[in-house]
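J.: below is the sequence, then the predicted model.
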Amino acid sequence: MTGYTTVIGLEVHVQLGTESKLFSPAPVAALGAPNTRVHHVDIGLPGVLPRPNLRAIELATRAALAIGGEIQLYSEFARKHYFYPDLPKGYQISQFDLPLALGGSVPIGTNRTCRIHRLHVEEDAGKLTHSAIGTLVDLNRAGVALAEIVSEPDIRDPREAHTFLRHLREVIRFAGVSDCDMELGSMRCDANISLMPVGSDTFGTKVELKNLNSIKMVQRALEYEERRQTAMLAGGGKVISETRGWHDEIGESRSMRSKENAPDYRYLPDPDLPPLVVDEAFIAAQRAQIGELPQQRRDRYQEAYGLSGQDVTALAQDRKVGDYFETAVAAGADAKAACNWLIEDLLPALRTRHLDLDTSPITPSALAELLALLADKTLTQKTSRLVFEHLLSSVVSPKQAIADLGLGRIADPAELQPLVNEAIAEKPEAARAVAEGKDRAIDALKGLVMRKTRGRADPEVLDSLLRTTIAGNS
Amino acid sequence: MPNPPPIDDALLAHLGELARISLPKQRQAELRGKLQQLVAAFSSLGEADFDMCDGDSARQIITPDELREDRAETPPDVSEVLANSPQTAADCFVVARVVEP
Amino acid sequence: MSTLPLTATALSQAIRQGDITASDVAKDCLARIASIDGKVSAFCETFTQRITEQAAALDNRKQAGEVLGALAGVPIASKDNLLVANQTISAGSRMLSTFRGPFTATSLARLEDQDAMLLGRTNMDEFGMGSTTETSAWQKTRNPFGDNLVPGGSSGGSAVAVSADMCPIAIGSDTGGSVRQPAALCGVSGLKPTYGRVPRYGLIAYASSLDCVGAIARTAEDLALWLDCASGQDPADATSLPTPPTVAQLLQERSDLKGVRIGVPRALNGEGIDEEVLAATQATTAHMQELGATIVECDLPSAKHAVPAYYLLATAEAASNLARYDGVHYGWRAANNDSSRQSSIETTTQTRSEGFGSEVQLRILLGTFASSYGYSAQFYDRARMARRALQHEFQATFKQCDALLCPTSPTAAPQLGDSEDDPLARYLWDALTVPASLAGIPALSIPCGNTNDGRPIGVQLMAPHHQDGRLLQLAHVFQAHSEHHLRRPQL
């Protein structure tokens, strides 16, 4: 971008992976008929009081630690006031001047990091649907626990925003905090973007972008906005402070509202919730729960298994993938083979079946067993695929799958002899050629027997049987 | 005594908007007068000297071991959730059309 | 014989001994209310069917040989802001005219656990915002000691219910004096426990950091009985305190006040207080001295900031707590609106402007101002500082004395409609009760005399955090040696 420096800051909401809501025991579920996941606390019924969820605080603490944030020993819930029908109490319980964590950073490129300003905990709002009779309010989502991560305006390029979100998602998933699925809304991102003349240190007027439903969309929306603002400034115009909604289908953003009058949220410390005081022991316990982070894991895999950079990146993308890999290796699988099967076969297969590694019909030990059967030649490359497919559709062990499929190797000469005889009868010219010393002609006969046995004939037994039979006939 | 901030028409209208309370013409003078009287009297806090004796605050605190365990409970039936709502349809609360401010 | 003049302590004993039945008690209460509530309008509604069934069930259990709880068959009225399962509870507001609670407030459920019977809901100032019960959307409650006298507020209905012998205990809530002050004005005893001692779950909030569930009774002994049943940590209330030891036994430990140091803060015993009230208070001090107490003069300089601090904090929290009444999720919604045509902002604004009374609207506007951008530093934040300063002063003062004493109210009950248009004058009237509210300490009011024209006067005692038992002990000793609490209105 010539003439201007782009300045981007991100605000990311991550849904904390709790069973119940932040302040009520109502279950958290992505689906469910309207208002069937709603406790009295979630509608702010007169007389109710919020009861903070321990796990939400633990997970938020882990998220903050995973990005290098500093947990505040004294933090406070605050009420953020605004009227909106998806906000039953007329205020959202969030945190204001005393958030759970401050600081931290996320890598955004080679030798580039984006500093994190803060991480705080807050509750989600409900969902509105517009209809002919008015607006319908469903509060299933109201009160779900979120962590909001606010970056410093350190990002200078939409591609860096993309990198930021990829890294953040990876780390948060790793820490076991959230599944960070932007399409399902368990990770949401708003972006602030402004332009300033190159060399300036005064930020320009910023625009907030909303409706960004995937990491790629964040990048596209920022690229569009960068172009729009550049054109505007280059034409002598002024950027207006506003909130713009991204419409991905047409590749444009549109103004939602002006920010001229900044809303007055009248933050108050929530008098129903005493300040939260944590100690070093609590923080240490949460740190211990995070375990290894992606970069540490990549280094270790490269070191321990001699895998390629591409392989370790694929394995460390998600804690569950690496965990699965390690369990399979511990069960005896060859590291390189386990990696290949996992990344190239198992994960794509699970995705098409809408399963994940937790619900995978092929357990790590089953994969290890399959690889062992392949290594000892019980299975051929071809039959191993059939076993794999069978395992995916039914929960059995590979050996059972082989039996189910009738894929056991046929190494008994008595069983193979009639098939060998048939093959020679069907292709006498090939048998003759073999007898005449044209050795490669035997492949045609082998292929025939293999077809008849659906690949189950033991290649070595078959070879010697063919040769002795042809020799005997001539 | 520091000068109390004036409660003028604009401020009163702003407060009404924030609080979603309509301020019909005939009530404005009375409300402005009452608020002005209270705000003037309460401005006395602005000049008081509250040098904090020590850091020992009387405010309660809460520690992680006092927080609720993350266990989901069966929520009330949707009919109970909606029982006190003035208007419902399709198991939802119904409100007038939301118009962005 | 009517069972009604009995105290709760005596009543529950008689029922457990089988001298009277719970059904007799319930009938007496309902009959008494039917005959006199028309004059005083203490009740919004009696839970007639509920209490009749409850009484019958208690009598059956008693007959079956079961040992009944500490409040066996005691009829208890509760303020219209405490939820009772499946009963309409309105907090004195049109906004909640049809609101039904789906559960019973913890503080009431605990009484039922001890076999108390919930009698009905009593009238109150709308959302607790008032000191005379006149801001109720429903009716004007009258002081039994004079037709045109206010009962005080905001728990005016509860004070009148006890004062007029309609029940031995009535539950109220006290944010800035709403239990103590009506108790004083109606010649009965009222306790505001330490903040957090009695859980708030099920109490419709006014100002959460100040709201306390309290009780009104004729004797300190009944208040102790109530407190032991209602106290204790509630996992549903993050501000509730760990369950404390019981206090009732403390009342038997003392028969005089020897060695007790009673502080008389100058700031709360002089300026702005009626002569007759001051005289009654001084007579009480003298009486306590005769009973062995040492009187200590002391200072509480920040008390002069208590009214501004209280009203800024309480209204800021109220503006927040009452934001939920938007006509969407529960409660009343303004008529003449068609949700397919109006905007939600219009509906909400119309609903709030018609659903809330004028005092509530004034306080919401004041609280919105105090917490709004540009003003919160000068008002809300300063008020929090004043609160902390006052808390520190109380702490320091309690190093020199065991309890503090001052009048509960600067005047005895005024006439209905007296100060309606001057909010500042009304707010200053709370100057003696709001300090204990801001500090979160226990405080009670007991009768200590009356004016020449027969209006009751109450004296307030305050103690350090968690010393509710000590406070009741002092009051009990005083009541054992005085008769002010036995005086009854002529109805």
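T.: Yep, it's here.
J.: low pLDDT regions in chain B?
T.: By pLDDT under 70, the low-scoring segments of chain B are B:1-2, B:51-58, B:99-101.
J.: all strands for it, in order.
T.: Assigned by DSSP state E, chain B shows strands spanning B:88-89, B:92-95.
J.: name the stretch among the ones you listed that sits most buried.
T.: Among the strands of chain B, strand B:92-95 has the highest mean neighbour count (mean count of other C-beta atoms under 10 Å in any protein chain shown), at a mean of 25. To be clear about C-beta, it is placed using only N, CA and C from the backbone, and glycine gets the same treatment.
J.: which strands and helices lie in contact with it?
T.: Packed against strand B:92-95 by the contact rule (3 or more C-beta pairs under 8 Å, 6 or more residues apart in numbering or on different chains; DSSP states H and E) you find strand A:134-138.
J.: list the contacts of the strand it packs on.
T.: The contact list for strand A:134-138 (C-beta atoms under 8 Å, 6 or more residues apart in numbering or on different chains) reads A:34-35, A:85-86, A:126-130, B:87, B:89-90, B:92-98, C:328-329, C:339-340, C:344.
J.: mind listing what that strand pairs with, with the direction of each?
T.: In the sheet, strand A:134-138 lines up against strand A:127-131 (antiparallel), strand B:92-95 (antiparallel) (DSSP bridges).
J.: would JSON lines of these with distance to residue A:21 be doable?
T.: Listed next are the strands paired with strand A:134-138 as JSON lines, based on distance: least, C-beta to C-beta, whole Å:
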{"stretch": "strand A:127-131", "distance to residue A:21": "14"}
{"stretch": "strand B:92-95", "distance to residue A:21": "18"}
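J.: show me what contacts the residue nearest the centre of chain B?
T.: The residue lying closest to the centre of chain B (C-alpha atoms, centre = their mean) is residue B:19, at 7.3 Å. The neighbours of residue B:19, taking C-beta under 8 Å, 6+ apart as the test, are C:319, C:352, C:364-365, C:368.
J.: for chain B, tell me which of these show up nearby.
T.: Filtering the contacts of residue B:19 for proximity to chain B by C-beta under 8 Å from any C-beta of the partner chain leaves C:319, C:352, C:364-365, C:368.
J.: among the residues you listed, which are in strands?
T.: Per DSSP E, the subset of the ones next to chain B among the contacts of residue B:19 in strands is empty.
J.: residue A:379 is in contact with residue A:399, isn't it?
T.: No - between residue A:379 and residue A:399 there is no contact under C-beta atoms under 8 Å: 10.5 Å.
J.: overlap in contacts, the two.
T.: Taking C-beta under 8 Å, 6+ apart as the criterion, residue A:379 and residue A:399 both touch residue A:373.
J.: sorry, back to before: the ones next to chain B among the contacts of residue B:19 into JSON lines, with extra columns for neighbour count and pLDDT?
T.: Output for these, formatted as JSON lines (neighbours: other C-beta atoms under 10 Å in any protein chain shown; pLDDT from 0 to 100):
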{"residue": "C:319", "neighbour count": "29", "pLDDT": "98"}
{"residue": "C:352", "neighbour count": "25", "pLDDT": "95"}
{"residue": "C:364", "neighbour count": "29", "pLDDT": "98"}
{"residue": "C:365", "neighbour count": "25", "pLDDT": "98"}
{"residue": "C:368", "neighbour count": "27", "pLDDT": "98"}
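J.: tell me the residue of the stretch 251-400 of chain C that sits nearest chain A?
T.: In the stretch 251-400 of chain C, the residue that lies nearest chain A is residue C:323 (2.5 Å; C-beta to the nearest C-beta).
J.: could you report the neighbour count for that residue?
T.: Neighbourhood size, residue C:323 [other C-beta atoms under 10 Å in any protein chain shown]: 26.
J.: got a pLDDT number for it?
T.: Looking at residue C:323, its pLDDT is 98.
J.: may I have the secondary structure class of it?
T.: Here residue C:323 takes the helix state, with states given by DSSP: H, G, I helix; E, B strand; the rest coil.
J.: ok, residue A:196 next?
T.: Here residue A:196 is strand, with the state taken from three-state DSSP.
J.: I'd like to know which helix or strand in the chain has the lowest mean pLDDT.
T.: With no chain named, the answer covers chain A. Lowest on mean pLDDT, DSSP states H and E among the helices and strands of chain A sits helix A:398-405, with a mean of 74.
J.: was after chain C, sorry
T.: Ranking every helix and strand in chain C by mean pLDDT, DSSP H and E puts helix C:344-355 at the bottom, with a mean of 91.
J.: next, the angle strand A:127-131 makes with that helix.
T.: In terms of direction (axes from the mean of the first three to the mean of the last three C-alpha atoms, to 10 degrees), helix C:344-355 departs from strand A:127-131 by 100 degrees.
J.: quick one: low-confidence residue ranges for chain C.
T.: In chain C, residues with pLDDT under 70: C:1, C:336-341, C:419-420.
J.: could you rerun that using 90?
T.: For chain C, the stretches with pLDDT under 90 are C:1-5, C:147, C:270-271, C:328-347, C:417-422, C:491.
J.: and the most centrally placed residue in it, how far is that from residue C:131?
T.: By C-alpha atoms, centre = their mean, chain C has its centre lying nearest to residue C:179, at 2.2 Å. Per C-beta to C-beta, to the nearest Å, residue C:179 is found 12 Å from residue C:131.
J.: what residues does chain B have near chain A?
T.: Residues of chain B lying close to chain A (C-beta under 8 Å from any C-beta) are B:18, B:20, B:59-64, B:67-76, B:78, B:81-82, B:84, B:87, B:89-98, B:100-101.
J.: list only those of those flagged as buried.
T.: B:18, B:20, B:60, B:62, B:64, B:67-68, B:70, B:72, B:75-76, B:78, B:81-82, B:84, B:87, B:92-98 (16 or more other C-beta atoms under 10 Å in any protein chain shown).
J.: residue 123: neighbouring residues, count only.
T.: All of this is about chain A. 23.
J.: chain C is the one I meant
T.: That count, for residue C:123 with other C-beta under 10 Å as the rule, works out to 31.
J.: swap in residue C:68?
T.: Neighbour count of residue C:68, defined by other C-beta under 10 Å: 17.
J.: what's the following helix or strand after the helix or strand that contains residue A:351?
T.: Taking DSSP states H and E as the definition, residue A:351 sits inside helix A:347-352. Per DSSP H and E, the first helix or strand lying C-terminal to helix A:347-352 is helix A:364-375.
J.: quick check: closest non-adjacent residue to the residue nearest to the centre of chain B.
T.: Distance criterion C-beta to C-beta, 6 or more residues apart in numbering or on different chains; nearest residue to residue B:19, sequence neighbours excluded, is residue C:368 at 4.5 Å.
J.: thought the one you found was touching residue B:15?
T.: Yes - using C-beta under 8 Å, residue C:368 is in contact with residue B:15, at 5.0 Å.
J.: ok, back up a step: in TSV: the contacts of residue B:19, plus distance to residue C:243.
T.: Converted to TSV, those look like this (distance: C-beta to C-beta, whole Å):
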residue	distance to residue C:243
C:319	33
C:352	39
C:364	36
C:365	40
C:368	37
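J.: residue A:107 and residue A:321, how far apart?
T.: 20 Å.
J.: so how many other residues sit close to the nearest residue to residue C:143 once chain neighbours are set aside?
T.: Excluding the flanking residues, the one nearest residue C:143 by C-beta to C-beta, 6+ apart is residue C:149, at 3.8 Å. Neighbourhood size, residue C:149 [other C-beta under 10 Å]: 23.
J.: mind pulling up the phi and psi values for residue C:149?
T.: Here is the backbone geometry of residue C:149 (degrees, to the nearest 10): phi -90, psi 140.
J.: hang on, isn't it packed against residue C:417?
T.: No - contact criterion C-beta under 8 Å: residue C:149 and residue C:417 do not qualify, at 11.0 Å.
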